[in-house]
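[1] please find the sequence and the predicted model below.
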Amino acid sequence: MTVSEAVSASRPVRLLAFGISWPPETFLQRKLLGLANAGVEVTAAVRARGRINGDHLPGIRVIAMGSLTPATFAAIARAPARAAEAAAHVAREGRGPWRLRARRLRNVAPFVALHPDVVHFEWNSAAIDYLPFLELWRAPVVISCRGTQIFVRPHVNQGYADLLRRTFEAAAAVHCVCDAIRDEAVAIGLDARKAVVIRPAIDTREFTPGPHAAGPVLHLVAVGALNWRKGYEYALATLRRVLHHGVAARLSIVGAGEELHRLRHAIDELALHEHVVLCGTLAPVQVRELLRTADVFLHSSLGEGISNSVLEAMACGLPIVTTDAGGMREAVTDGREGFVLAARDVDGAARAIERLARDADLRRAMGARARDTAERRFSLQDQVTAFKALYERLAFSADG
C-alpha cells in the first residue's frame with residue numbers, strides 16, 4: 001500500500017465547496033449530499049442573504065460567506081498568519097474597487113482556519129472573483145466549467161478570458177461537464193492534462209416516468225432560467241408554427257429571470273395566451289410532477305453544457321426536442337431519444353414536434369430510450385463516485 005492509499009484508507013477527504021448560492025441549485029445539492037453520504041467531509045461556503053437552515057444540506061457543514069459572527073472572529077484568531085496573508089493577497093492581486101476587495105476578504109474570513117484537502121470552486125466566475133485566494137489553503141483547487149461561462153463570456157469579454165486562463169493555471173484539475181466544454185476550454189488555454197470530464201447527473205429513483213395517458217392536446221414543457229441564452233423566443237415561434245400546421249399543443253415554461261417581460265410581449269405578438277403557461281419558479285418535486293404529465297420536452301437553448309432539466313425529462317421518459325448547443329448531442333442522439341436541431345431552427349423543431357404529436361408509438365419508444373440513457377449514462381451514483389475518486393487522487397497523492 002502506498003502512502004497516499006494508506007492516508008485515503010485512514011480518513012475521509014475534507015472538501016471545501018466554495019461559492020454556492022443559498023438555497024443551492026438542485027444539481028449541486030444532489031452532488032454534495034451524495035458525497036457526504038459516500039463519506040466525504042463536506043463544508044459548503046454559501047452566498048446567503050437570509051437565514052440558513054439545514055433543510056437543503058442535512059449532515060453538511062454550511063457556513064455563510066461574509067458572516068461576521070463570533071465563529072468568524074474565532075477562526076481569524078486561530079489562523080492570524082493566514083488571515084494576514086489573505087489581506088495581503090487581496091491588496092496586491094485583487095480586482096476592482098477597494099470596497100469590492102474588502103467584501104471578498106470578508107467573505108473568505110470564516111474559512112481561513114480550515115484545512116481542506118481539496119477546494120472546489122463550482123463556477124468559473126467564483127474562481128475568478130476569488131483568484132487572490134486560490135492558494136490560501138495550500139490545497140489542490142478544482143474549478144468547474146459548466147456552460148455560458150465557457151461558451152459565451154470569454155468570446156465577448158477579453159478581460160474575462162484572460163482571468164479565466166489564470167484560474168486554469170492555478171487549478172490542479174478543471175472539471176468539465178461535457179466533452180464539448182472541455183474542447184472549448186482547451187482552445188481558450190486550458191492544459192488538456194488538467195481536464196476531467198464528469199457529466200451532470202440526476203437521481204433516476206426520484207425522476208421516474210408517470211402513469212401519463214396521451215390527451216387530445218400535446219403538452220410541451222420547457223424548464224430553465226428566463227434569459228436570452230435559453231432561446232425561449234424560438235420555443236414560442238416553434239409552438240406558433242406547430243399550431244399553424246393544425247396540431248393542438250400547449251407549452252408550460254418553468255423558470256424566472258430578466259426575460260420575463262420580453263416573453264410576455266412575444267406571447268402577445270404571437271397570440272399564444274391560450275397555449276402558453278408561465279409557471280415561474282417551481283420546487284423540484286413540482287417540476288418532477290409536471291414532467292410526469294407532459295408529452296414532449298422542448299429545449300431551445302443557444303448556449304449550454306448538458307442541461308440538467310433535459311436529463312430530468314429523460315429520466316421521466318419524455319422524448320426530447322433540443323438544439324445542438326454545447327454538449328447536448330452527448331446526451332441526446334438525433335432520432336433515438338428525440339431530435340437534435342441546429343440552434344434557431346424553428347422549422348426543424350416544429351416538424352419534429354408535429355411528428356411526435358402524430359405518432360404516439362414514436363413518443364413512447366423515444367421516451368423509453370431516453371429513460372434508459374438517463375439510467376445508464378447519467379447516474380447520480382456514478383457521478384458521486386467519479387468526484388470522490390478525483391478528490392482522493394488530488395488530496396492523497398499530494399500527501400504521498
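    Thanks, I have the structure now.
[2] strand partners (parallel or antiparallel) of the helix or strand Ala222 falls within?
    In this assignment (DSSP states H and E), Ala222 forms part of strand 218-223. Looking at strand 218-223 with DSSP bridges, its partner strands are strand 249-254 (parallel), strand 296-299 (parallel).
[3] need the CA coordinates for that strand. CSV is fine.
    Listed next in CSV are the C-alpha coordinates belonging to strand 218-223 (Å, rounded to 0.1, in the frame of the first residue of the first chain):
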residue,chain,number,x,y,z
LEU,A,218,-49.9,17.7,-26.9
HIS,A,219,-48.3,19.0,-23.7
LEU,A,220,-44.8,20.5,-24.2
VAL,A,221,-42.6,21.5,-21.3
ALA,A,222,-39.5,23.8,-21.2
VAL,A,223,-37.5,24.4,-18.0
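[4] tell me the angle of the helix or strand that it is followed by relative to strand 218-223?
    Beyond strand 218-223 in the direction of the C-terminus, DSSP H and E gives the next helix or strand as helix 232-244. Interaxial angle of helix 232-244 relative to strand 218-223 (axes from the mean of the first three to the mean of the last three CA atoms, to 10 degrees): 180 degrees.
[5] what residues of helix 232-244 count as buried?
    By neighbour count, with 16 or more other CB atoms under 10 Å as the criterion, the buried positions of helix 232-244 are Tyr232, Glu233, Tyr234, Ala235, Leu236, Ala237, Thr238, Leu239, Arg240, Arg241, Val242, Leu243. Using the backbone N, CA and C atoms, a C-beta is placed for each residue, glycine as well.
[6] those strands in the stretch 251-400 of the chain, which residues are they?
    Defined through DSSP state E, counting those that start in this stretch, the strands belonging to the stretch 251-400 of the chain, from first to last, are 276-280, 296-299, 320-323, 338-341.
[7] reformat those as a markdown table; add mean neighbour count, mean pLDDT and distance to Leu251.
    Output for the strands of the stretch 251-400 of the chain, formatted as a markdown table (neighbours: other CB atoms under 10 Å; pLDDT from 0 to 100; distance: least, CB to CB, whole Å):
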| stretch | mean neighbour count | mean pLDDT | distance to Leu251 |
| --- | --- | --- | --- |
| strand 276-280 | 16 | 97 | 5 |
| strand 296-299 | 27 | 98 | 7 |
| strand 320-323 | 27 | 98 | 12 |
| strand 338-341 | 24 | 98 | 16 |
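[8] so for Val119, which of the ones you listed sits nearest?
    Val119 lies closest to strand 296-299 among the strands of the stretch 251-400 of the chain, at 32.7 Å (CB to CB).
[9] just the CA coordinates for that closest one, please, in CSV.
    Coordinates of the C-alpha atoms in strand 296-299 are reproduced here as CSV (Å, rounded to 0.1, in the frame of the first residue of the first chain):
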residue,chain,number,x,y,z
VAL,A,296,-42.5,16.2,-25.0
PHE,A,297,-39.7,18.3,-23.6
LEU,A,298,-38.6,21.3,-25.7
HIS,A,299,-35.2,22.7,-25.2
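[10] which residues are contacting the top helix by length along the chain?
    Among the segments of the chain that qualify as a helix by DSSP state H, the longest is helix 380-399. With contacts defined as CB atoms under 8 Å, 6 or more residues apart in numbering, helix 380-399 is touched by 3-5, 7-8, 13-15, 30-31, 34-35, 37-40, 117-118, 120, 139-140, 142, 172-173, 175, 196, 198-204.
[11] looking at it now, give me its mean pLDDT.
    Taken as a whole, helix 380-399 has an average pLDDT of 92.
[12] any buried residues in that helix, and which?
    For helix 380-399, the buried set under the neighbour-count rule, 16+ other CB under 10 Å, comprises 380, 383-384, 386-388, 390-397.
[13] where does the protein dip in pLDDT?
    Counting by pLDDT under 70, the low-confidence segments of the chain come to 1-10, 54, 398-400.
[14] domain assignment for it?
    Following the assignment in automatic domain parsing, the chain carries domains at 3-201+380-399, 218-377.
[15] picking up where we left off before, any chance of the buried residues of helix 380-399 in CSV, plus distance to Ser125?
    Below are the buried residues of helix 380-399 laid out as CSV (distance: CB to CB, whole Å):
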residue, distance to Ser125
Leu380, 25
Gln383, 22
Val384, 24
Ala386, 23
Phe387, 20
Lys388, 25
Leu390, 21
Tyr391, 22
Glu392, 27
Arg393, 26
Leu394, 22
Ala395, 25
Phe396, 29
Ser397, 28
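[16] hang on, the earlier thing: the domains of the chain: which one's closest to His212?
    For the domains of the chain, proximity to His212 was assessed by CB to CB; domain 218-377 is nearest, at 5.6 Å.
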